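Colleague: okay, structure incoming, though there's no sequence with it:
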């Protein structure tokens, strides 16, 4: 904000505009991305991260770094998995414990009298040099702390690093506190999705929380790379990625309509059991029928189409608009681009996770074997473009697996 002389009215108006736009987002990761991006824009910060409260700890949840994170595998850093206690020993822990912002002009010039210390490990591991820091507790209007945002290395008009200034210290916390309610809503939405999947998990032990978290994250990252290669604008990509992640998590929710006798059967299905099992795609889509919600529409598309194949040999095929009228599957195959892109992506993500994960009925396949199997399906089971993107972001997929273990 040093580069332009902006009036308080203009700054507050812009904050309110962004908060209104944040309310259109649904998934917590999309919300964190936008909040961190806007806060960095307000302060011209090179980097930043957000930690969310998890019991007595702060869980590392989102990160930006313009200097370090570039290229196709930049997203892997979003899935770094660690937590710090809410106490005075760390800077973020201190901010959460006290509910007060912490302003540091030079992280390497702390006096030593502070209760907290600066952890140099990230700088030592990456070669980055942290200078100025603005650490802000994310507090709702009910004084509930949902997390902490840390902005790093403010820059002046000439891109030189500078301390955070008076306007940064005044307006960034104002924005952060206003955004905290939206972050809390995003957390609740994610928790509702996981509860829905918990119902499915009670019926089918294969549908675990970590599995659906991974499939949602795989799908979101594959989509982002696919969309970038297609030349879609960033606003469209962020909006679609937001709802896709949540919808992909619910790809198998229709299994709640399948008999326990089939769902919990050990070993392979008999032909008649496999035929019944295929109806889970229809049941899942029917759960989200007759709605105007963008998220529900996408949930229906993915539930219905995530077992379709690029070559048309999948299921359930084309069905009546009123799914309750469906009596038979696969009478009219669907293939290629007639399958929604979100379903084509989720299909690959689901198969990938099934192969590379340990299940009650199988051991995990080695990564090389899984990638080879996916590549074999290029142009038959899977969309060739989706397979190509999948091959480009292996580092990101590994990071997702590491974060959502189980």
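Modeller: Arrived safely. Worth saying up front: this structure is predicted, and the values here are computed from it rather than measured.

Colleague: figure out how far the helix ranked longest in the chain is from the centre of its chain.
Modeller: Among all segments of the chain classified by DSSP state H, the helix with the greatest residue count is helix 166-203. Helix 166-203 sits 12 Å away from the centroid of its parent chain (CA atoms, centre = their mean, to the nearest Å).

Colleague: and it, what's buried?
Modeller: 168, 171-173, 175-187, 189-190, 193, 196-197, 200-201, 203 (16 or more other CB atoms under 10 Å). Bear in mind the C-beta positions are built from the backbone N, C-alpha and C, glycine included.

Colleague: which residues in the stretch 151-300 of the chain form strands?
Modeller: 161-162 (DSSP state E, counting those that start in this stretch).

Colleague: any idea how far residue 317 is from residue 272?
Modeller: Computed with CB to CB, to the nearest Å, the distance linking residue 272 and residue 317 is 19 Å.

Colleague: neighbour count winner among the two?
Modeller: Taking neighbours as other CB atoms under 10 Å, residue 272 and residue 317 compare with residue 317 leading, 19 against 9.

Colleague: the nearest residue to that one once chain neighbours are set aside and residue 313, how far apart?
Modeller: Nearest residue to residue 317 in three dimensions, chain neighbours excluded: residue 330, at 4.4 Å (CB to CB, 6 or more residues apart in numbering). Residue 330 sits 9 Å away from residue 313, going by CB to CB.

Colleague: and these two? which has more neighbours close in?
Modeller: Each of residue 330 and residue 313 has its neighbours counted (other CB under 10 Å); residue 330 has more, 16 against 12.

Colleague: wait, the more buried one sits on residue 312?
Modeller: No: here residue 330 does not reach residue 312: they are 9.6 Å apart, not a contact under CB atoms under 8 Å.

Colleague: surely residue 390 is within a helix?
Modeller: Yes: looking at residue 390 with DSSP: H, G, I helix; E, B strand; the rest coil, it is inside a helix.

Colleague: burial count for it?
Modeller: So residue 390, with other CB under 10 Å, has 26 neighbours.

Colleague: what do you get for residue 64?
Modeller: Residue 64, neighbours per other CB under 10 Å, totals 23.

Colleague: same deal with the one 3 residues further on?
Modeller: The number of residues packed around residue 67, counting by other CB under 10 Å, is 13.

Colleague: in space, what's closest to it - neighbours in sequence excluded?
Modeller: residue 46 (5.8 Å).

Colleague: ditto for residue 62
Modeller: Residue 62's closest residue in space is residue 32 (CB to CB, 6+ apart), at 3.9 Å.

Colleague: same deal with residue 116?
Modeller: residue 94 (4.5 Å).

Colleague: low pLDDT regions in the stretch 51-200 of the chain?
Modeller: Applying pLDDT under 70 to the stretch 51-200 of the chain flags residues 71-73, 200.

Colleague: so which residues of it form helices?
Modeller: Taking DSSP state H, counting those that start in this stretch as the criterion, the stretch 51-200 of the chain contains helices spanning 91-98, 121-126, 166-203.

Colleague: and the first one, how far out from the chain's middle?
Modeller: Here the centre of mass of C-alpha atoms in helix 91-98, compared against the chain's by CA atoms, centre = their mean, lies 25 Å away.

Colleague: counting contacts, what elements does that helix pack onto?
Modeller: Helix 91-98 sits against strand 45-54, strand 57-65, strand 83-85, strand 102-104, strand 133-139, strand 145-155, with contacts defined as 3 or more CB pairs under 8 Å, 6 or more residues apart in numbering; DSSP states H and E.
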